[in-house]
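Colleague: Sequence and predicted structure are below.
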Amino acid sequence: MARTEEELRPRRRMLRRPGIGLRLLAAQAIVLVAGAVTTSVVAAIVGPPLFHDHLHQAGISAGSPEEMHAEEAYTYATVISIGGALAVSALAALAVSWYISRRLQRSVTEVAEAASSVAEGHYDVRVSSPQLGDDFDALADAFNQMASRLQTVESTRQRLFSDLAHEIRTPVAVLEAYIEALEDGVRTLTPQTAAMLRDQTRRLVRFSDDVAALAKAEESSASMACSFVDVPRLAHHCAAAAQERFDSKNVTLAVRVAEGLPPLWADEQRLAQVVGNLVDNALRHTPAGGRVEVSWEREGAELALRVADNGAGIAAEHLPRLFERFYRADTARDREHGGAGIGLAITRALVEAHGGTISVASAGPGTGATFTVTLPLAPARDELVALGVARPAAQ
């Protein structure tokens, strides 16, 4: 008859290997026994001949009562010395092993319990530094970093699924309500109803495209098609592509390109997507009569792209999270414009795929915002030679 898990558990505990304390004590005992045996052997082999030789040199004849008493005294002294030293060493080894094993066991137990908690999904657990040396401190730090990263990933995962469900729920609910109304005869398929259905369908399609674009952007570092990009041409091309949308909203679009900018080593299509996302974001949050300025400048070995507007601005508490997936500084306004909070996450992924950085600054609501992208300029000549690409002359 098969035993249950509860019946087998005590037997497993009995068969469990000894802990670190017993192992450390056993190691100390082995060292002590080896030392005692070595000392005894040396004392038994080397000591008597030397002792007899000194007795004879001192004038004590062999076989005399004096020699016998001296040998007995030597033997007793040797045994007492070795025994006393062994006893003191054993006590010291026991005390040291107990102290060190307690500290080690406490640290190991804490890490093991914390790991079990993490395995159960409690990612907020942390372990304290054991102060047992750099190795154990590094282990504790690595565990805390792992738990913190897992906590961040889990939080992002939960928020991601929540946002996905929320974004899909609204248009699906509208579609379901309209379809049921059409089936029940409550509504008829008028042009207005068809327009509403088409609008919700497009919203779902746009959301699907945004999610796919985000996934592609985060994988783009492995599929970048870089070449030398003429920065002034790219700047004016992006401005021309957005000009009609700015004119329809009566917002001024100004483009300023510094003279003498060198060619930029980048994926032109994805870089244009970065500019387009930032310009569209600025337009979306700038009211009629406002102004958006796009500037391209060289700062040392980097190219700085800035998109500044005098629109709604951003509160300070939103700035650190603005590039997170599905994050909205103003939920109602973004929904009204059909945004899903993915555009800036896509932008950051594309910028980082180019080896650059992106940041945002705003003095608060009503003061506008400035997005700054820094990109490294063309790679060094030896890197280009390895790629088999000729570097054009600087402008």
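Modeller: That came in fine, so what should we check first?
Colleague: Next up, the contacts around the closest residue to residue 111 other than its chain neighbours.
Modeller: Closest residue to residue 111 apart from its sequence neighbours, by Cβ to Cβ, 6 or more residues apart in numbering: residue 127 at 5.5 Å. Every C-beta, even on glycine, is put in place using the N, C-alpha and C of the backbone. In this structure, residue 127 makes contact with 107, 110-111, 114, 140, 143-144, judged by Cβ atoms under 8 Å, 6 or more residues apart in numbering.
Colleague: what's the closest of the residues you listed to residue 307?
Modeller: Nearest to residue 307 out of those is residue 144 (Cβ to Cβ; 38.1 Å).
Colleague: my guess is the closest one contacts residue 126, does it?
Modeller: Yes. Counting by Cβ atoms under 8 Å, residue 144 touches residue 126, with 5.1 Å between them.
Colleague: who has more neighbours, the two?
Modeller: Between residue 144 and residue 126, counted using other Cβ atoms under 10 Å, the more crowded position is residue 144 (16 against 13).
Colleague: Let me know the pLDDT of that one.
Modeller: In the predicted model, residue 144 carries a pLDDT score of 82.
Colleague: if I pick it, what's in contact with it?
Modeller: Neighbouring residues of residue 144 by Cβ under 8 Å, 6+ apart: 126-127.
Colleague: 6 Å instead, please
Modeller: residue 126 (Cβ atoms under 6 Å, 6 or more residues apart in numbering).
Colleague: Helices along the stretch 151-300 of the chain, start to end?
Modeller: 191-218, 231-249, 268-284 (DSSP state H, counting those that start in this stretch).
Colleague: winner for burial among these?
Modeller: helix 268-284 (a mean of 20; mean count of other Cβ atoms under 10 Å).
Colleague: what angle separates that one from helix 191-218?
Modeller: Computed by axes from the mean of the first three to the mean of the last three Cα atoms, to 10 degrees, the angle separating helix 268-284 from helix 191-218 equals 130 degrees.
Colleague: list the helices and strands helix 268-284 packs on?
Modeller: helix 231-249, strand 302-309, helix 343-353 (3 or more Cβ pairs under 6 Å, 6 or more residues apart in numbering; DSSP states H and E).
Colleague: mind exporting that helix as CSV, just the C-alpha atoms?
Modeller: Only the C-alpha atoms of helix 268-284 are listed here, as CSV (Å, rounded to 0.1, in the frame of the first residue of the first chain):
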residue,chain,number,x,y,z
GLU,A,268,15.9,55.9,-40.7
GLN,A,269,12.4,54.4,-40.7
ARG,A,270,12.4,53.8,-36.9
LEU,A,271,14.0,57.1,-36.2
ALA,A,272,11.2,58.8,-38.2
GLN,A,273,8.7,56.8,-36.1
VAL,A,274,10.3,58.2,-32.9
VAL,A,275,10.0,61.8,-34.3
GLY,A,276,6.4,61.2,-35.4
ASN,A,277,5.4,59.8,-32.0
LEU,A,278,6.8,62.7,-30.1
VAL,A,279,5.4,65.3,-32.6
ASP,A,280,1.9,63.6,-32.5
ASN,A,281,2.1,63.5,-28.7
ALA,A,282,2.9,67.2,-28.5
LEU,A,283,0.1,68.0,-30.9
ARG,A,284,-2.4,66.0,-28.9
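Colleague: can you list contacts of it?
Modeller: For helix 268-284, using Cβ under 6 Å, 6+ apart, the contacting residues are 229, 238, 242, 251, 292, 307, 309, 337, 343, 347, 350, 371.
Colleague: who touches the third one in this structure?
Modeller: When you say that, I think you mean residue 242. residue 279.
Colleague: what's the pLDDT at it?
Modeller: 90.
Colleague: The fourth one now?
Modeller: Reading off the per-residue confidence, residue 251 sits at a pLDDT of 94.
Colleague: My guess is it contacts residue 287. True?
Modeller: No. With contact defined as Cβ atoms under 6 Å, residue 251 does not reach residue 287; the gap is 7.8 Å.
Colleague: So for those two, which residue has more residues nearby?
Modeller: Neighbour totals were compared for residue 251 and residue 287, and residue 251 leads with 21 against 12 (other Cβ under 10 Å).
Colleague: Distance-wise, check that one relative to residue 78.
Modeller: Distance of residue 251 to residue 78, given as Cβ to Cβ, to the nearest Å: 102 Å.
Colleague: repeat for residue 33
Modeller: In this view, residue 33 and residue 78 are 18 Å apart by Cβ to Cβ.
Colleague: how far out from the middle of the chain is stretch 101-112?
Modeller: 26 Å (Cα atoms, centre = their mean, to the nearest Å).
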